[in-house]
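> Below is the structure, and that's it, no one-letter string:
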């Protein structure tokens, strides 16, 4: 399959996924209800479709696209198929920021948790950008990123340990598990602003990511501003991951699996994998959120739990197929 056909197919699948997510839910609607929702948006059925389901589906698509794009950028930058937004400590640092905000009782302030999570991601991203400018070897950057992630995770555990009450601990844990429930259109706009900036930085770094496939020495002799392109890739990935964690908590496997799902027709060029990965990530998260809503449980499943339950076997299958192709 050519890249253009693959992009058209992914776009069609994303549109179909969003439509299904808006039309299907825990509240059953009849054909007359859908007609009423289209003609009278302020009706009860219109409120369900356009005020509850539509922004939730759009938020899932936006966050999935951000995670998929972030994962593709980091896999290209580090030349490591196992890289994802969590490998550089951005997700863990964003989770730490949100956990601290909840533990300090700032949840009552509108936007405080989201702002704290984004701030944590930006701090980690700035640190990684500084390290990327100093250390060009991807192995060194991965190790430093793992160290940042482990340290942020330890501080998050300390937040649990020193939590003032079991209720606060439960709130922190609930947020960490990830969800796009109860999101509205203003929330979508708030998330889209840093995500768009991160996407622009990653798109600008695409030439550098492509050149890195030829090796560090070749990239250094290419005439491209590789230091700035590398920093843009890291900074953009950090913004994308931070915006995602700020809006929906920590959601795993999307940034890891999405680039692998599209590499069959996008090839090994990281620059050409960015857009397909974003579309694949959006599809994955929209379908995962739909599953979280319609799986019959007493309490709605958290989005991070669903992505782990379905993402881990899916990624294992992708890895198995990749291993077979390598052997052949």
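Okay, I see it. Just so you know, these numbers come straight off a predicted model, no measurement behind them.

> The spatially closest residue to residue 41 that is not a sequence neighbour and residue 38: what is the separation?
Excluding its sequence neighbours, the residue lying closest to residue 41 (C-beta to C-beta, 6 or more residues apart in numbering) is residue 50, at 5.4 Å. Where C-beta positions appear, they are placed from N, C-alpha and C, glycine not excepted. Per C-beta to C-beta, to the nearest Å, residue 50 is found 10 Å from residue 38.

> ok, now which ones touch the residue positioned nearest the centre of the chain?
Per C-alpha atoms, centre = their mean, the C-alpha nearest to the average position across the chain is that of residue 67, at 2.3 Å. Residue 67 makes contact with 85, 240-241, 244, 251, 254-255, 258, 281, 285 under the criterion C-beta atoms under 8 Å, 6 or more residues apart in numbering.

> quick one: which of those residues is nearest to residue 6?
residue 258 (13.1 Å; C-beta to C-beta).

> mind pulling up the phi and psi values for the residue nearest to residue 41?
The phi/psi pair for residue 50 (degrees, to the nearest 10) reads phi -100, psi -20.

> pretty sure it is in contact with residue 40, am I right?
No: using C-beta atoms under 8 Å, residue 50 is not in contact with residue 40; the gap is 10.6 Å.

> These two - which one has more neighbours?
residue 50 (17 against 11; other C-beta atoms under 10 Å).

> hmm, back to that, of the contacts of residue 67, which is the nearest to residue 145?
residue 85 (10.1 Å).

> Provide the secondary structure category for that closest one.
Of the three states, residue 85 takes coil under DSSP: H, G, I helix; E, B strand; the rest coil.

> And the closest residue to it other than its chain neighbours, how close does it get to residue 173?
Using C-beta to C-beta, 6+ apart and skipping the chain neighbours, the partner closest in space to residue 85 is residue 241 (3.5 Å). Residue 241 sits 20 Å away from residue 173, taking C-beta to C-beta as the criterion.

> So between the two, which is more surrounded?
residue 241 (35 against 14).

> Packing partners of the host helix or strand of that one?
Using DSSP states H and E, residue 241 falls within helix 226-248. On a contact count with 3 or more C-beta pairs under 8 Å, 6 or more residues apart in numbering; DSSP states H and E, helix 226-248 meets helix 54-78, helix 90-103, helix 112-134, helix 185-204, helix 206-212.
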